[in-house]
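>>> okay, structure incoming, though there's no sequence with it:
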């Protein structure tokens, strides 16, 4: 469930900022932000549901 929560955060990010629609430099930055968002979502899950 924790991984699914992280994947939902990543999917939500992709629906707003599709990294493939941007130049290569921006795509790298957006992919890093997406990974950070997923990690943040999973840490939030751990904090709430421990």
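That came in fine, so what should we check first? All values derive from a computational prediction rather than experimental measurement.
>>> what strand or helix carries the closest residue in space to residue 14 that isn't next to it in sequence?
Spatially, and ignoring its direct neighbours in sequence, residue 14 is nearest to residue 34 (7.2 Å; Cβ to Cβ, 6 or more residues apart in numbering). For glycine as for every other residue, the C-beta is placed from the backbone atoms N, C-alpha and C. Here residue 34 sits within helix 24-49, counting by DSSP states H and E.
>>> any low-confidence regions in this protein?
By pLDDT under 70, the chain contains no weakly predicted segment.
>>> buried ones in the helix holding residue 34?
Of the residues in helix 24-49, 30, 34, 38, 41, 42, 45 count as buried by neighbour count, 16 or more other Cβ atoms under 10 Å.
>>> distance to residue 13 added to those residues, as a markdown table?
Below are the buried residues of helix 24-49 laid out as a markdown table (distance: Cβ to Cβ, whole Å):
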| residue | distance to residue 13 |
| --- | --- |
| 30 | 8 |
| 34 | 5 |
| 38 | 8 |
| 41 | 10 |
| 42 | 14 |
| 45 | 16 |
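>>> of these, closest to residue 22?
Checking those against residue 22 with Cβ to Cβ, the nearest one is residue 30 at 6.3 Å.
>>> now that closest one: closest residue in space that isn't a chain neighbour?
Nearest residue to residue 30, sequence neighbours excluded (Cβ to Cβ, 6+ apart): residue 19, at 4.1 Å.
>>> distance of that neighbour from residue 34?
Distance, residue 19 to residue 34, using Cβ to Cβ, to the nearest Å: 7 Å.
>>> with residue 44 instead?
Taking Cβ to Cβ as the measure, residue 44 falls 16 Å from residue 34.
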